[in-house]
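Asks: Following is a predicted model, sequence given first.
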Number of protein chains: 2
Amino acid sequence: MSSQERKKSRVTLLDVARHASVSRATASLVLRKSPLVGSETRARVEQAMRDLGYVYNIGAARLRVERSQIIGAIVPNLTNPFFAELLSGIEEAIGATGKVVILANSGERVERQSMLLQRMREHGVDGVVLCPAAGTEPDLSEQLAAWGMPVVQVLRHISVDMDYVGVDYAGGMRQAVDYLASLGHEKIAFAVHGPFHSAYRERVDGFRDAMLAKAFDPEILIHLPPQLGEIADSTHLLFAKATQPTAVICFNHLVALGLAAGLHDCGLTIGRDLSLIGFDDVADAEAIRPRLTSVSTGPTAIGEMAARLLVERIANPDLPPRRVVNDTTLSVRQSCGRPA
Amino acid sequence: MSSQERKKSRVTLLDVARHASVSRATASLVLRKSPLVGSETRARVEQAMRDLGYVYNIGAARLRVERSQIIGAIVPNLTNPFFAELLSGIEEAIGATGKVVILANSGERVERQSMLLQRMREHGVDGVVLCPAAGTEPDLSEQLAAWGMPVVQVLRHISVDMDYVGVDYAGGMRQAVDYLASLGHEKIAFAVHGPFHSAYRERVDGFRDAMLAKAFDPEILIHLPPQLGEIADSTHLLFAKATQPTAVICFNHLVALGLAAGLHDCGLTIGRDLSLIGFDDVADAEAIRPRLTSVSTGPTAIGEMAARLLVERIANPDLPPRRVVNDTTLSVRQSCGRPA
DNA sequence: CTGAAAGCGCTTACAG
DNA sequence: CTGAAAGCGCTTACAG
């Protein structure tokens, strides 16, 4: 079928109305399932739609009502399985409402993020779920407000003026530290990496607070490079500080994977020579041996929740800003033992 | 800002035109960077756009020209890191053309996939990149053609009438088998799982052909359950056949991860007691110890290629259907040795 | 280069 | 329940 034929064969609501011998207004009411239309008429119209192969044109409808049924989702890194799970939760929940999600990857770049927001705005998205790129200025929030763009921040926050769905990183750190302390550990390192943002700060602060609460040295922070392969090869950094840790908490799933591999390379046995706790608990925590004890943050559920909040926000723009902070759970598996 | 104020403050092209003392037509030409407009006029119009905070309304434009600048991407499983990388390639390449991608997850369910295609059609997508759910009937292709919907199949194909971008699974199998044979292996198992589709068939057929070419027994197929945890616990199935394999090729990355873990649980050393080859080579092949020798399929590049083909197809609907089949590369690492 | 006009496919009062 | 009409914001000939 050539594109010309296609264009000619476009069936409109008026065609449907004529075929069913009703007015266009009535056909439109049937389309939107209005109770104003009698069931016999409705059936006739629906039959006409089938007969003619009618396709609803949301774009045209949108021009009248100010609602596109499209929402945007911007994440800093699609390749990270953690964000993939987040996205999967967003898509699931948004799809369930009959809407559709435009996906974009900011690649942790602020200018690219601006461009994407602008593009989404031109597409008339009803709102966006945003995991702000590291370095995003707080005043982005004012711009978005000036645009009248409903947004919910997810996992990272830049402003208290916008909805936020995230996780209780401090609580997670406490769970990890308390658990290690119960095993007898006192010299606990926190292995971090990646760019600086609210979730980074909350994890580090949470770690320090949890350590201080136990009167442990809160300053054993190990800075690791961003790439998976490089992390494994940087495992020696764990032992480069004055204090030799007997346990290490990982910033996230990538750090845990990398260190697990690196420790193996060093000939060290996890759980015996050194205890290891993961964070963010993505599916393959199960695939590491020994199985990785991990603080679970439930990215899928967070994505669903963020989507739900956005839908509410769109329906009711004047709601005060909300914060939803999910609890973490500690999944005890086999990577921690008593200090050597 | 209330939603009412927002509506009132909508700046249209006509406002811009008046502000710049030109006609709406001229303003429209400036918008689309037509060379017909003089540079002085152009500058005045652009200034007016800035002054007024004009936002281009793609939806309205779309109603005139039959092009939404939206494309759809449907994958069977977002959570699988392999598909996340694919998607990342698609998003990247589509974004580079200024278009936007609507993402959806079929969850490997055919009816859901139909619903998603219909929904995307109502949104007027210019085309879709589809990784068809297992069980998709070939006649979906006819329906899509009747719709006049440009589509490129990716990774899995259901019809020769539509563009396809995939990987040379048979070639990959040959690489794996030949490599193992060069190490002295003859009893090689293929560990499969998941639903049936073209990529499944091509891998299995490719495995058999490669084995037959070496005059090895081509029938050591091990069927594993779909979930990561269950795979590890099913490792004993490798040894339940009459012939005990000395090496196993994994259907994909999940199988490789699961079996690596399971073999560890059985007290077996990979590369010494049993050789293991992965397939699909996602990032964490590096995180397994020993490092996993793997057949790389490059999902990101495939996503980019599929996006590029779709853009071409949209521009030129009458092109004959094309097939792009990427070569795999064998990444030799440390999980294979000589037979025990 | 510009202006006036038609039209894309829908929704929404409004009068019947 | 129905019909006629206006309008959402843009693009596209067309005549100047």
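Replies: Nice, I can see it.
Asks: just checking, A:Asp15 touches A:Leu52?
Replies: Yes - with contact defined as Cβ atoms under 8 Å, A:Asp15 reaches A:Leu52; the gap is 5.9 Å. For every residue, glycine as well, the C-beta is placed using N, CA and C.
Asks: can you give me the mean pLDDT across the helix or strand harbouring A:Ile102?
Replies: Using DSSP states H and E, A:Ile102 sits within strand A:100-105. Mean pLDDT, computed over strand A:100-105, is 97.
Asks: Could you do stretch A:118-125 as well?
Replies: 95.
Asks: got a list of contacts for that stretch?
Replies: A:62, A:68, A:70-72, A:74, A:102, A:104, A:128, A:147, A:149, B:55-59, B:69-70, B:98, B:100 (Cβ atoms under 8 Å, 6 or more residues apart in numbering or on different chains).
Asks: hmm, that stretch touching DNA strand D?
Replies: No - figure legend: stretch A:118-125 not in contact with DNA strand D (Cβ under 7 Å from any atom of the strand); closest approach 8.7 Å.
Asks: now the residue most central in space within chain A: how far from DNA strand C?
Replies: Compute the mean C-alpha point of chain A, and by Cα atoms, centre = their mean the closest residue is A:Leu86, 3.7 Å away. Separation of A:Leu86 from DNA strand C (Cβ to the nearest atom of the strand, to the nearest Å) stands at 32 Å.
Asks: all strands of the stretch 1-150 of chain A, in order?
Replies: Ranges of strands in the stretch 1-150 of chain A, per DSSP state E, counting those that start in this stretch, are A:70-75, A:100-105, A:127-130.
Asks: Tell me the buried residues in the first one?
Replies: Judged by neighbour count using 16 or more other Cβ atoms under 10 Å in any protein chain shown, the buried positions of strand A:70-75 are A:Ile70, A:Ile71, A:Gly72, A:Ala73, A:Ile74, A:Val75.
Asks: quick one, it and strand B:70-75 angle?
Replies: 60 degrees (axes from the mean of the first three to the mean of the last three Cα atoms, to 10 degrees).
Asks: could you list every residue that touches A:Asp281?
Replies: Counting by Cβ under 8 Å, 6+ apart, A:Asp281 has contacts A:His253, A:Leu292, A:Ser294, A:Val295, A:Ser296, A:Thr297, A:Ser331.
Asks: mind running it again at 6 Å?
Replies: Neighbour list for A:Asp281: A:Ser294, A:Ser296, A:Ser331 [criterion: Cβ atoms under 6 Å, 6 or more residues apart in numbering or on different chains].
Asks: Can you tell me which of those has the most neighbours?
Replies: Most neighbours among the contacts of A:Asp281, by other Cβ atoms under 10 Å in any protein chain shown: A:Ser294, with 28 neighbours.
Asks: so is that one in a helix, a strand, or just coil?
Replies: Classification of A:Ser294 using DSSP: H, G, I helix; E, B strand; the rest coil returns strand.
Asks: In this structure it contacts A:Leu330, no?
Replies: No - using Cβ atoms under 6 Å, A:Ser294 is not in contact with A:Leu330; the gap is 7.7 Å.
Asks: for stretch A:207-227, which positions count as buried?
Replies: A:Phe207, A:Arg208, A:Ala210, A:Met211, A:Lys214, A:Phe216, A:Asp217, A:Pro218, A:Ile220, A:Ile222, A:Leu224.
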